[in-house]
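Colleague: Coordinates for the following, if possible.
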Amino acid sequence: MPDAGFFDLQVNGYGGVDFNGDALTPDDLHAVCRRLEADGVDGILATVVTDGLDVMLDRLRRLVATRETDGLARRVIAGIHLEGPFINPHDGYRGAHPAGGVRPPNLDDADRLLEAAGGLARLVTLAPECDTGLRLTRHLVDRGIVTSAGHCDPDFDTLRAACDAGLSMVTHVGNGCADLVSRHDNIVERVLALHDRLWLCFIADGVHVPFFTLGNWLRAAGLDRACVVTDAVTPAGLGPGTYPHKRFEISVAEGDAARMPDGSLVGGAITMAQAKRNLVDAVGLSAADARRLTVTNPRRAMGLGGP
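Modeller: Residues are numbered from 1 along each chain as shown. Coordinates of the predicted model:
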């Protein structure tokens, strides 16, 4: 039996195809899944990000309906990751998510999104500090959906309470947060303090987080509950260049991530195979440990077991 391939929990787009596009076709979806498989990826969560609610609903319905038409897409796209719109609205923590799409966490909007996802929503990223009474966190967990803290800045007590309510993951640790934070009490330190209760996801491209920093965090948290994601956007896997996007052009330089015209980060541009090589060559992990972070742990985090 062949070894299992990579499993990526955060793929916004890949190989020139945007899962958040408004004209996704069956041919697009088949092509991106074929490319992902060729790059060693067996499964992903297609990530739909913050936008106007009606826009998100339309994109979810289109993605679900298009996936249903293609056996390869059904095999590769194991589910959907909703990254937003229930995130922290403040600059820095909001990241590249459009300010006009951010919404306070509420059950009505969440249920509309879950319905549009057609039972495929597996992971939701939200800001616990914005979730009054942690009602949405409990609502999602009760429905078997993995709930992750991301683009957020909860204080330690709120993050711990969210864990008590069932929160079990942190989206791209060290990203989706302000550049200037308290040196002792900040979102990264709070997350590391609760590493035994949370799956911690990291982008291993050396840009979103410097490799030496990633090594420090992995040593602090351990590898048992660590995962690596690409946070891939449309140009991922295509190499350096300038690529059209629905709101702006995305540029990718050699060895860099994807950037907006103002130079700020908008997502990842590497493959999971490159992420695994980075873990070995730049962070110093063994090949077996790098495989654990890119193949085994992401499946375990989603309750899929692990090869």
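Colleague: beta partners for the closest residue to Glu83 other than its chain neighbours?
Modeller: Distances taken as Cβ to Cβ, 6 or more residues apart in numbering put Thr125 closest to Glu83, at 4.4 Å, once the chain neighbours are dropped. Using the backbone N, CA and C atoms, a C-beta is placed for each residue, glycine as well. Thr125 forms beta bridges with Glu83, Ser148, as assigned by DSSP bridges.
Colleague: what's the helix or strand for Ala4?
Modeller: Here Ala4, judged by DSSP states H and E, is contained in no helix and no strand.
Colleague: which ones are touching it?
Modeller: Applying Cβ atoms under 8 Å, 6 or more residues apart in numbering to Ala4 gives the contacts Asp42, Val295, Thr296, Arg299, Pro307.
Colleague: quick one on the thing from earlier: the residue nearest to Glu83 contacts His151, doesn't it?
Modeller: Yes: Thr125 is within contact range of His151, at 6.8 Å (criterion: Cβ atoms under 8 Å).
Colleague: which residues do the two both contact?
Modeller: Glu83, Gly84, Ile87, Thr171.
Colleague: quick one: the second one from Thr230, how far?
Modeller: Computed with Cβ to Cβ, to the nearest Å, the distance linking Gly84 and Thr230 is 18 Å.
Colleague: Neighbour count for these two, which is higher?
Modeller: Using other Cβ atoms under 10 Å as the criterion, Gly84 and Thr230 rank with Thr230 on top: 31 against 25.
Colleague: was I right about that one contacting Asp8?
Modeller: Yes: Thr230 lies in contact with Asp8 (Cβ under 8 Å); the separation is 5.6 Å.
Colleague: what do those two both touch?
Modeller: Common neighbours of Thr230 and Asp8, using Cβ under 8 Å, 6+ apart, are Met272.
Colleague: give me the element Asp205 is part of.
Modeller: Assigned by DSSP H and E, Asp205 belongs to neither a helix nor a strand.
Colleague: quick one: contacts for it?
Modeller: Thr230, Ala257, Gly268, Ala269, Ile270, Gln274, Ala275, Asn278 are the contacts of Asp205 under Cβ under 8 Å, 6+ apart.
Colleague: which one is it nearest to, not counting chain neighbours?
Modeller: Counting by Cβ to Cβ, 6+ apart, Asp205 lies nearest to Ile270, which is 4.9 Å off, once chain neighbours are set aside.
Colleague: Need the contact partners of the helix or strand harbouring Arg67.
Modeller: Secondary structure assignment for Arg67, by DSSP H and E: helix 53-68. Applying Cβ under 8 Å, 6+ apart, the contact partners of helix 53-68 are 19-22, 24-26, 28-29, 46, 48, 50-51, 73-74, 77, 80, 85, 101, 103, 109, 112-113, 116-118, 120.
Colleague: Over to stretch 284-302?
Modeller: Residues from elsewhere that reach stretch 284-302, judged by Cβ under 8 Å, 6+ apart: 3-9, 43, 45, 78-79, 122-123, 146, 168-169, 199, 202, 204, 215, 218, 223-229, 272, 275-276, 279-280, 305-307.
Colleague: Just the buried ones from these?
Modeller: Among the contacts of stretch 284-302, those scoring as buried are 5-9, 43, 45, 78-79, 122-123, 146, 168-169, 199, 202, 204, 215, 218, 223, 225-229, 272, 275-276, 279 (criterion: 16 or more other Cβ atoms under 10 Å).
Colleague: SS state for Gly119?
Modeller: coil (DSSP: H, G, I helix; E, B strand; the rest coil).
Colleague: next one: phi and psi at it?
Modeller: Backbone geometry at Gly119, expressed as degrees, to the nearest 10, gives phi 80, psi 0.
Colleague: and it, what does it touch?
Modeller: Contacts of Gly119 (Cβ under 8 Å, 6+ apart): none.
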